[in-house]
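Asker: Got a predicted model here, sequence first, then my questions.
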Amino acid sequence: MTIASCIWIGVEYLATDVAVAALRQHRRSRQVFCGRLAVADDLRRAVNEQPSAPRADGLEPEWHDADAGTIIGGGLLSDLLRQRRPVEEVVLVLPPWDAPHHCGAIEALALPLAVSLEVPLEVPLEVPLEVPLEVTLDHARGFIERVAIGAAAAKAVMSAPASRGMTILSQPTTAGTALGAGLQALTETWVRIERPRWQQQRLQLNVMQPEAWLSERAETTP
């Protein structure tokens with residue numbers, strides 16, 4: 001009997017405690033974690049060390065370096081999903097709603113004031129720096145591509161009754177900027193309008209916070 005796969009997309013944004021707890025809800029599935037693995041070392045180590053991981057049947061957790069926020073990463077992800085059929089569920093982990101501050105600016109604040117010449121002494125450290133336009137645009141573009149590419153790849157390989165559907169996990173923090181609020185509204189509206197098409201194929205499509213997802217899986221797992 002072929003073991004179904006649970007595909008995780010965007011593991012660089014997945015909280016370690018959520019990943020560990022989620023393993024208990026998919027102990028009979030092949031766990032396939034995808035994302036930018038270079039920034040997910042701690043998560044990978046914590047998952048691999050879990051005694052509850054499905055190792056009894058030789059199903060070690062798989063790790064693949066594929067960024068769904070890029071065209072190349074999306075292509076790799078699509079091929080991977082086809083190779084891991086049947087797919088029980090796809091879980092897409094979203095980045096924070098708001099664009100990150102410029103890394104160089106953050107590092108400048110961390111330096112001693114005598115060394116950091118780019119930060120005026122009269123600027124209070126609690127005042128957030130303005131996010132550069134290129135960072136804002138890159139965040140918005142990558143965010144939208146992540147949702148669109150992930151959903152297209154998932155829908156192409158899933159079929160009922162072997163597949164449950166796709167869940168988009170949002171970050172627990174609320175949006176604090178206009179851009180973040182817009183991306184949140186866009187995601188929720190897209191799911192609401194797209195959901196009937198998935199239901200026609202007897203597949204679920206939801207956007208949830210991690211706690212709600214874990215609670216729902218705990219209730220449906222025997």
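Answerer: Received, thanks.

Asker: Next one: residue 47 from residue 87, what distance?
Answerer: The gap separating residue 47 from residue 87 is 19 Å, by C-beta to C-beta, to the nearest Å. Every C-beta, even on glycine, is put in place using the N, C-alpha and C of the backbone.

Asker: Between the two, which is the more surrounded one?
Answerer: Between residue 47 and residue 87, counting by other C-beta atoms under 10 Å, residue 87 is the more crowded of the two (26 against 22).

Asker: Backbone dihedrals for the more buried one, please?
Answerer: Note on residue 87: backbone dihedrals following degrees, to the nearest 10 are phi -100, psi 120.

Asker: just residue 203 next, same as before
Answerer: Taking degrees, to the nearest 10 as the convention, residue 203 sits at phi -120, psi 150.

Asker: List the residue ranges of this structure that fall below the pLDDT cut-off.
Answerer: The model of the chain has pLDDT under 70 over residues 1-2, 26-27, 52-58, 102-129, 219-222.

Asker: pull the longest helix from it.
Answerer: Assignment by DSSP state H gives helix 133-157 as the longest helix of the chain.

Asker: Quick one: list the elements packing against that one.
Answerer: Here helix 133-157 touches strand 5-9, helix 71-83, strand 87-93, strand 165-169, helix 178-200, going by 3 or more C-beta pairs under 8 Å, 6 or more residues apart in numbering; DSSP states H and E.

Asker: Could I get the buried residue list for it?
Answerer: Neighbour-count burial for helix 133-157, counted by 16 or more other C-beta atoms under 10 Å, picks out 135-136, 139-140, 142-143, 145-147, 149-151, 153-155, 157.
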